[in-house]
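**Student:** After the sequence you'll find the predicted model.
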Amino acid sequence: MKRSVLLNSLLALLVAPAGLFAADVVVTSAITTNTTWTRSNVYILDTKIFVEAGALLTIEPGTVIKGRAKANPADATALVIARGARINANGTAAAPIIFTADSDNLNTTTPNLTESDRGLWGGVVILGRARINTVSGQGNIEGIATNDARGIYGGTDDDDNSGIFRYVQIKHSSAIVAANVELNALSLGAVGRGTVIEYVDAYAANDDGFEFFGGTVNTKYLISSFNDDDNFDWDEGFRGKGQFWFAIGATDKGNQAMEMDGGTTPEDGQPYAIPEIYNATLIGSGATSGNALSQGLIFRDNSGGKLYNSIIHDYRGYAARIETESAQSQDSAKRLAAGDLAITNNIFGTFGAGTTDAELFISPNATTGGAAPAANYTANHIKAGNRINTDPRLTGISRTRNKGLDPRPAAGSPALTGAKTPPSDGFFTQTDYLGAFKAANWAKGWSAISQLGFLTDADATVTDEPVVLGSPSKLLNISTLTTLNANGLVSAGFVIGGTQAQTVLIRAIGPGLTQLGVTGVLADPTMELFSGQNVIGSNDDWAGEQITTLGAKVGAFALPAASKDSVIVKTLQPGNYTVQIKGKGAAGAVIVEVYEVD
């Protein structure tokens, strides 16, 4: 007879209110030693704050960093990770790290700033030692004084590691430093492939959302939302990989879907810019909008690059342009001819420029010297391997705070067929669809467009969790009621003892408490389940018959249909686990429950 092992108790209940900060910490000088910024404070950048070579800046999940506005454009505030320094900004879906303007009230229900409030501070800059294709192999990052050596990037180490930048919002950034000189939301100078950058929303920037100045950094799950210039921009020999990039343009602002530049001084410098991108969804200002600058793809200055399994849709201007430069020894037309530039397995949707080849694909032009080529090689290439004038049938396109933005393909969408299999190289995720989304809404919960109410709350179709019954591993059911401050966090720890797996039902209930007479509840809790540092489950709004059935089985009170409570069903091996609950917006009461299913 097996011995039942009883656990077990609530290990910890730690309330860490992100909306009730201990202090505003004004940062005025460079960071030269290892430093940690905690979520109990708001950090206010009073100048350009450099993390200098040899130093590590750690930023806890849920931390807020604000940049002060400056009267003198040259004094624009920013966080700069210098070459040889590192950043550990490892947020979570429930507690993203937020960079924003000092004037931001951080209220996602009634924000005082909108997507039109751009350029209120500088942005975030990460500099590394990977190769770029300038003559010297180095550069001075745009927006930083050229006589400041801390703004230099470039080197010889393509595997350089500048740290981790995950689950981050960058809002209202990209101050104009001088004429035609702006900081971007996220500027990446010669960042190496040892760096981790994923789940970043660049929202309401006054220049580009993301700009890659050479380097080899690989990125996933990037959002460029309502920015003034390009969604994604690369130059100086960028050779990284990207997957799951999403962009949405404002109706009155925004330029290229992607601006691809190869070199500057010289344009034919080595290494050539040949990045590889899969699964992007790029939505412009609207095909009928008044923003004539809203345009599709442009390759120029000898840029190559490969774009697969993507959707380019709803731009006011043209769809694509590949430039030739007769006076140059190398140009983007030559990269196309050499196979260094490829645009295949994509959907080009609706464009305000029209539907003909001449309207969609700008005829080759000689920008400096010589006659233009006679054939429209851009049109010939794209027509051969892509679907054009094809509605991608996305579930919803909205640019207002009505939760109508749902960039996932609707049932029957052509984006669900015709995909190219990504390489099995340890970076790319295998996909069988076009665009940044399929069923899972990976932007939900953590991103600015989600928290501010642009993005739909809908989740992917719920899949039932296999249930283990009769396990001798036991857990005492836990139920704890607490009150979170605005945008606060609560963590509950539990242990499963014994030697066999145990299915648990975990609930974070706010709205569902109102039926019990509880007032002042947390309106919309979200939940993540951790094993150590790893997220192994998450939920925002519960759904599915299994949750109802198992709730009744364990004797839990029923939740109202479509309530914004969070529920996870998970079969777990013996070990220690932590549940983290975050509230959106105002303070309120929430109950955290963990049940064993037997």
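**Tutor:** Ah, there it is. Numbers count the residues shown, from 1 in each chain.

**Student:** how about the spatially closest residue to residue 167 that is not a sequence neighbour, what does it touch?
**Tutor:** Closest residue to residue 167 in three dimensions, ignoring its sequence neighbours and counting by CB to CB, 6 or more residues apart in numbering: residue 91, at 3.2 Å. (Glycine included, C-beta is placed from N, CA and C.) Applying CB atoms under 8 Å, 6 or more residues apart in numbering, one finds that residue 91 lies in contact with 59, 61-62, 97, 166-168, 199, 446.

**Student:** In this structure residue 87 contacts residue 49, no?
**Tutor:** No: with contact defined as CB atoms under 8 Å, residue 87 does not count as touching residue 49 (11.5 Å).

**Student:** Okay, residue 582 and residue 56: tell me how far apart.
**Tutor:** 26 Å (CB to CB, to the nearest Å).

**Student:** Those two: which is more packed in?
**Tutor:** With neighbours defined as other CB atoms under 10 Å, residue 582 and residue 56 compare such that residue 582 has more, 31 against 16.

**Student:** The more buried one: what secondary structure?
**Tutor:** Recorded secondary structure, residue 582: strand (DSSP: H, G, I helix; E, B strand; the rest coil).

**Student:** and it, what does it touch?
**Tutor:** Taking CB under 8 Å, 6+ apart as the contact definition, residue 582 lies against 18, 62, 94-95, 484, 487-490, 525-527.

**Student:** Of the residues you listed, which is the nearest to residue 140?
**Tutor:** The shortest separation between residue 140 and any of the contacts of residue 582 is 33.9 Å, and it belongs to residue 62 (by CB to CB).

**Student:** host element of that closest one?
**Tutor:** Element membership of residue 62, judged by DSSP states H and E, is empty: it is in no helix or strand.

**Student:** Double-check it against residue 89; I have them as touching.
**Tutor:** No: in terms of CB under 8 Å, residue 62 does not count as a neighbour of residue 89; the distance is 11.3 Å.

**Student:** Between these two, which is the more surrounded one?
**Tutor:** Here residue 62 and residue 89 are compared on neighbour count by other CB under 10 Å; more neighbours surround residue 89, at 28 against 25.

**Student:** Now do the strands in the stretch 401-550 of the chain.
**Tutor:** In the stretch 401-550 of the chain, the segments counted as strands under DSSP state E, counting those that start in this stretch are 406-409, 478-484, 489-496, 502-509, 525-531, 534-539.

**Student:** Ok, the stretch 101-250 of the chain next?
**Tutor:** Here the stretch 101-250 of the chain has its strands, by DSSP E, counting those that start in this stretch, at 123-127, 139-140, 152-153, 163-171, 176-178, 181-182, 186-189, 196-203, 210-213, 219-225, 232-235, 241-248.

**Student:** same deal with the stretch 251-400 of the chain?
**Tutor:** In the stretch 251-400 of the chain, the strands defined using DSSP E, counting those that start in this stretch lie at 256-261, 276-283, 295-300, 305-308, 311-313, 320-322, 341-344, 347-348, 387-388, 394-396.

**Student:** what does the last one rub up against?
**Tutor:** Applying CB under 8 Å, 6+ apart, the contact partners of strand 394-396 are 281, 283, 311, 313, 404-410, 413, 415, 435, 456.

**Student:** okay but residue 153 is in contact with residue 136, surely?
**Tutor:** No: Residue 153 is not in contact with residue 136 according to CB under 8 Å; the separation is 11.3 Å.

**Student:** Looking at the two, which has the bigger crowd around it?
**Tutor:** It is residue 153, of residue 153 and residue 136, that has more neighbours when counted by other CB under 10 Å, with 28 against 9.

**Student:** bridging residues for that one?
**Tutor:** residue 139 (DSSP bridges).

**Student:** Read off the pLDDT value for it.
**Tutor:** Residue 153 carries a pLDDT value of 98.

**Student:** Repeat that for residue 541.
**Tutor:** We have a pLDDT of 80 for residue 541.

**Student:** what's the answer for residue 324, then?
**Tutor:** The model reports residue 324 with a pLDDT of 87.

**Student:** Report the separation between the nearest residue to it once chain neighbours are set aside and residue 376.
**Tutor:** For residue 324, the nearest residue in space outside its immediate sequence neighbours is residue 333; the separation is 3.9 Å by CB to CB, 6+ apart. Between residue 333 and residue 376 the distance is 11 Å, computed by CB to CB.

**Student:** Settle it for me: which of the two has more neighbours?
**Tutor:** A direct count of neighbours by other CB under 10 Å for residue 333 and residue 376 places residue 333 higher, at 23 against 18.

**Student:** surely the more buried one meets residue 340?
**Tutor:** No: Residue 333 is not in contact with residue 340 according to CB under 8 Å; the separation is 10.9 Å.

**Student:** And the lowest mean pLDDT element among the helices and strands of this protein?
**Tutor:** The helix or strand with the lowest mean pLDDT-type score in the chain, counting by mean pLDDT, DSSP states H and E, is strand 13-15 (a mean of 39).

**Student:** Quickly run through the sheet partners of the very next helix or strand once past it, with directions.
**Tutor:** Beyond strand 13-15 on the C-terminal side, the first helix or strand identified by DSSP H and E is strand 23-27. Looking at strand 23-27 with DSSP bridges, its partner strands are strand 41-45 (parallel).

**Student:** Excluding its own residues, what touches the strand it pairs with? List them.
**Tutor:** For strand 41-45, using CB under 8 Å, 6+ apart, the contacting residues are 21-27, 37, 63-68, 77-79, 102, 121.

**Student:** try 7 Å this time
**Tutor:** Residues outside strand 41-45 that contact it (CB atoms under 7 Å, 6 or more residues apart in numbering): 21-27, 37, 64-68, 77-79, 102.

**Student:** Now, of those residues, which are buried?
**Tutor:** Neighbour counting by 16 or more other CB atoms under 10 Å classes 21, 27, 37, 64-68, 77-79, 102 among the contacts of strand 41-45 as buried.
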